[in-house]
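*Asks:* Prediction below, plus the sequence it came from.
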Amino acid sequence: MKSLLTYCFILLFGIPALFSQHNTWQQKADYNIAIDYNIQNDNYLGTESIQYINRSADALNKVYFHLYFNAFQPGSDMDVFVQNIPDPQRGLDWKLKYLTSSEIGKMQVEQVLQDSKITRINHLGTILEVDLAEPILPGSTCKLEVSFTAQTPVISRRAGRKNEEGIELTMSQWYPKLCVYNSNGWQLTPYIGREFHSDFGDYDVQIRIDSSFIVAAGSDSVSVKKDEKSNKNTWHFKSDNVIDFAWAADPDYQHYSVTTEDDITLHFYYQEAQNTENRWEKMSTPLKAIFPYINQRFGQYPYKSFHFIQAGDGGMEYPKSTFITGERSLGSLIGVSVHEIMHSWYQGVIATQENLYSWMDEGFASFASTEIKNYMRKENIYFKAIEENPYKIQYDNYTYLANSGYEEAMHTPSNFFFSNFAYNVASYQKGEIFLKQLEYVIGKDKLDLALLKYFEEWQFKHPTPEDFIHVAEKVSEIKLDWYLYFWTKTTHKIDYELTVKENNPDKTVIRILKKGKMPMPIDLLIEYKDGSDAVFIIPLDLMYGQKSTIYDSNEITLQAWPWTHSEYEIALNISINDIKSVRIDPSERLADISKLNNRWTHKD
């Protein structure tokens, strides 16, 4: 029997491993960028030299670049998009179309050389198409030399100049960036203000700018060279094995740093302001304290530094750094910083294809930040009030969306969501619930181990949802493809109804009706009038296994519920008068859209 079970397990869990190796190769792009910035008109000249390694099995006749700044123009894809969705962000629907020529963002590539040979280029909005002089053969390396001019937009949407808090320059997506070529071909996503995807590479960046400016960037190496004749400084940064490079600059930046127990240097760049009340100076203490916990819980941070930079609009993640608005309460500064820190794990290091799977970054980072803030409350690290259910608002927001009629499948590519409401809830709250509810399916200990193994196995590899699910399957010995499909590729809802009836004076029948289209395992708590209780665990047959649970009550595992069946019945040899209450999901991790029918209480 043991050998048969082992064989069945290999069939269930071993074979998918043969098909999850689609990310065994990825391209590499090393950048050497130099710009000369003119603060009088916010224009700059730039050159970049890229060593591009083609690790695919395909000969590449073309390459493509992102030119993000071209989105900040009247008539651009982003302009038209925000005018036609019901809930555009930050008034972009009217701001973009009224920008003047001196206010727009723009990026113009003058020339691309391939190993010193001239190529043919074609500007297509935020995408540049390059017809190569000769194919880049599999396994070969070529040198791409790009000359470009650019103008920083006046609107601060992740990038921009003179934002609402007075930061002069927020420079993200500021250079021609190679598009990703992977096993699904070129990833050519026009920019409309949502997500990004990039190859890993080494960055050597020189920024020549007015000497009054202090430049902040996510880099482990920085030096400054002064040019007295031109009254400009050249800031030189190096950052290895990252997916991007972003920087900000302002004459009034204050800077300080602290070092964590794990020898990671945390840098803080901010403007002193009357309404910040030294909050930026205070935020380092709790942030320093949580890094050891984060490394132990979610995986070891692989870089030497992290930079908190007052810039941008809200909070936005970049390698080794985050841009956040600074005029916040101390609690808000810490809260947004925790969330942005965790993007360094799921966007900066694991680096999924955000344009396709935004929930794998935003949702995972949100889950991790909720867990970290809960840990901070327990350890009395700044947050003092203990929350009974720190996930309640996430479940409430998802339930509201699910019942609104506006929900779209999480698997929808980021650009194709019809509304920001559907996009944001799917990416953040529903993405976070994906993990919290998976904890309900496989057990907390298994989810914790799966997240750690996922980071260890897939860092720097651009994994897919199937790659994460396969890790969770290996750890839990439970099949989970059904969960991934129903939760991410459909808008099917979870909705169970509970009834309790007396069959005869000594027998009680508990009936659970599956009203929604998404099947789930069920945890059922029965409280008896004598003060005892029990949790009945009903696995789903599609799991081909059962979770480890940690309920304090007596646990009783029942026969699996076939996913095709709409009802499940439990017959108890006990009078209904001996039962105090019956409840589905006592841990409140099941995202049932109508919880009012999930509980029965005896009416004395």
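*Replies:* Received, thanks. Residues are numbered from 1 along each chain as shown.

*Asks:* what's in contact with the strand or helix carrying residue 401?
*Replies:* Per DSSP states H and E, residue 401 falls inside helix 392-402. For helix 392-402, contacts defined as C-beta atoms under 8 Å, 6 or more residues apart in numbering pick out 366, 370, 407, 421-422, 425-426, 428-430, 432-433, 436, 491, 493, 588, 591, 593. (Each C-beta comes from the backbone N, C-alpha and C, glycine too.)

*Asks:* Looking at those residues, which are in helices?
*Replies:* Here DSSP state H is the test, and the contacts of helix 392-402 give 366, 370, 421-422, 430, 432-433, 436 as lying in helices.

*Asks:* So among those residues, which ones count as buried?
*Replies:* Buried residues within the ones in helices among the contacts of helix 392-402, counting neighbours by 16 or more other C-beta atoms under 10 Å: 366, 370, 421-422, 430, 432-433, 436.

*Asks:* got the residues you listed as CSV, with distance to residue 330 columns?
*Replies:* Formatted as CSV, these follow (distance: C-beta to C-beta, whole Å):
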residue, distance to residue 330
366, 21
370, 19
421, 30
422, 33
430, 30
432, 24
433, 28
436, 27
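
*Asks:* JSON lines for these, including pLDDT and distance to residue 325?
*Replies:* Formatted as JSON lines, those follow (pLDDT from 0 to 100; distance: C-beta to C-beta, whole Å):
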{"residue": "366", "pLDDT": "98", "distance to residue 325": "18"}
{"residue": "370", "pLDDT": "97", "distance to residue 325": "21"}
{"residue": "421", "pLDDT": "96", "distance to residue 325": "22"}
{"residue": "422", "pLDDT": "97", "distance to residue 325": "25"}
{"residue": "430", "pLDDT": "98", "distance to residue 325": "25"}
{"residue": "432", "pLDDT": "98", "distance to residue 325": "22"}
{"residue": "433", "pLDDT": "98", "distance to residue 325": "27"}
{"residue": "436", "pLDDT": "98", "distance to residue 325": "28"}
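
*Asks:* Which single one of those residues is nearest to residue 261?
*Replies:* Closest approach to residue 261 among those (C-beta to C-beta): residue 370, at 23.0 Å.

*Asks:* in terms of contact, does that closest one touch residue 390 like I think?
*Replies:* Yes. The pair residue 370 / residue 390 is scored as a contact, 5.4 Å apart, by C-beta atoms under 8 Å.

*Asks:* coming back round to it: how distant is the helix holding residue 401 from the center of its chain?
*Replies:* 18 Å (C-alpha atoms, centre = their mean, to the nearest Å).

*Asks:* what do residue 370 and residue 390 both touch?
*Replies:* Counting by C-beta under 8 Å, 6+ apart, nothing touches both residue 370 and residue 390.

*Asks:* Show me the domain layout of this structure.
*Replies:* 24-251, 252-491, 496-601 (automatic domain parsing).

*Asks:* contacting residues around residue 420?
*Replies:* Contacts of residue 420 (C-beta under 8 Å, 6+ apart): 85, 87-89.

*Asks:* Of these, which belong to strands?
*Replies:* Under the assignment DSSP state E, the contacts of residue 420 contribute nothing to strands.

*Asks:* Reformat those residues as JSON lines; add pLDDT and distance to residue 146.
*Replies:* JSON lines is the format used below for those (pLDDT from 0 to 100; distance: C-beta to C-beta, whole Å):
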{"residue": "85", "pLDDT": "92", "distance to residue 146": "33"}
{"residue": "87", "pLDDT": "91", "distance to residue 146": "37"}
{"residue": "88", "pLDDT": "89", "distance to residue 146": "32"}
{"residue": "89", "pLDDT": "79", "distance to residue 146": "31"}
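
*Asks:* pull the CA atoms of stretch 341-357 into PDB?
*Replies:* Extracted in PDB, the C-alpha atoms of stretch 341-357 (Å, rounded to 0.1, in the frame of the first residue of the first chain):
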ATOM      1  CA  ILE A 341       9.800  47.400   2.100                       C
ATOM      2  CA  MET A 342       8.000  44.100   1.200                       C
ATOM      3  CA  HIS A 343       7.900  45.100  -2.500                       C
ATOM      4  CA  SER A 344      11.700  44.500  -2.400                       C
ATOM      5  CA  TRP A 345      10.900  40.800  -1.800                       C
ATOM      6  CA  TYR A 346       8.100  40.300  -4.300                       C
ATOM      7  CA  GLN A 347       8.700  42.900  -7.000                       C
ATOM      8  CA  GLY A 348      12.400  43.800  -6.500                       C
ATOM      9  CA  VAL A 349      13.900  40.300  -6.000                       C
ATOM     10  CA  ILE A 350      11.300  37.700  -7.100                       C
ATOM     11  CA  ALA A 351      10.100  40.100  -9.900                       C
ATOM     12  CA  THR A 352       7.000  38.500 -11.300                       C
ATOM     13  CA  GLN A 353       5.500  39.800 -14.500                       C
ATOM     14  CA  GLU A 354       3.400  42.600 -12.900                       C
ATOM     15  CA  ASN A 355       1.600  43.500 -16.100                       C
ATOM     16  CA  LEU A 356       0.100  40.100 -16.100                       C
ATOM     17  CA  TYR A 357       0.000  39.200 -12.400                       C
END
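
*Asks:* Determine how far it lies from the middle of the whole chain.
*Replies:* From the chain centre to the centre of stretch 341-357 is a distance of 5 Å (C-alpha atoms, centre = their mean).

*Asks:* Name the residues of that stretch that are buried.
*Replies:* Applying 16+ other C-beta under 10 Å to stretch 341-357 flags 341-357 as buried.

*Asks:* And stretch 519-530, by the same measure?
*Replies:* By 16+ other C-beta under 10 Å, the buried positions in stretch 519-530 come out as 519-527.

*Asks:* Also stretch 591-604?
*Replies:* Buried residues in stretch 591-604, counted by 16+ other C-beta under 10 Å: 591-595, 598, 600.

*Asks:* Next one, pLDDT for the residue of the chain positioned farthest from its centre please.
*Replies:* Most distant residue from the mean C-alpha position of the chain: residue 505, 54.4 Å away (C-alpha atoms, centre = their mean). Here, the pLDDT recorded for residue 505 equals 85.

*Asks:* Confirm for me that it is in contact with residue 575.
*Replies:* Yes. Residue 505 is within contact range of residue 575, at 5.9 Å (criterion: C-beta under 8 Å).

*Asks:* quick one on the thing from earlier: which residues does the residue farthest from the centre of the chain contact?
*Replies:* residue 575.

*Asks:* helix, strand or coil for the spatially most central residue of the chain?
*Replies:* Nearest residue to the geometric centre of the chain (C-alpha atoms, centre = their mean): residue 361, 1.5 Å. When classified by DSSP: H, G, I helix; E, B strand; the rest coil, residue 361 comes out as helix.

*Asks:* contacting residues around it?
*Replies:* With contact set as C-beta under 8 Å, 6+ apart, residue 361 has these partners: 195, 343, 346-347, 352, 354.

*Asks:* want to throw those residues into CSV with pLDDT and secondary structure?
*Replies:* Below are those laid out as CSV (pLDDT from 0 to 100; DSSP: H, G, I helix; E, B strand; the rest coil):
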residue, pLDDT, secondary structure
195, 93, coil
343, 97, helix
346, 97, helix
347, 95, helix
352, 95, coil
354, 94, coil
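
*Asks:* So which bits of stretch 253-262 are buried?
*Replies:* By 16+ other C-beta under 10 Å, the buried positions in stretch 253-262 come out as 253, 260.

*Asks:* Show the average pLDDT along that stretch.
*Replies:* Stretch 253-262 shows a mean pLDDT of 96.

*Asks:* so residue 83, which of the three states?
*Replies:* Looking at residue 83 with three-state DSSP, the answer is helix.

*Asks:* how near is residue 121 to residue 499?
*Replies:* 68 Å (C-beta to C-beta, to the nearest Å).
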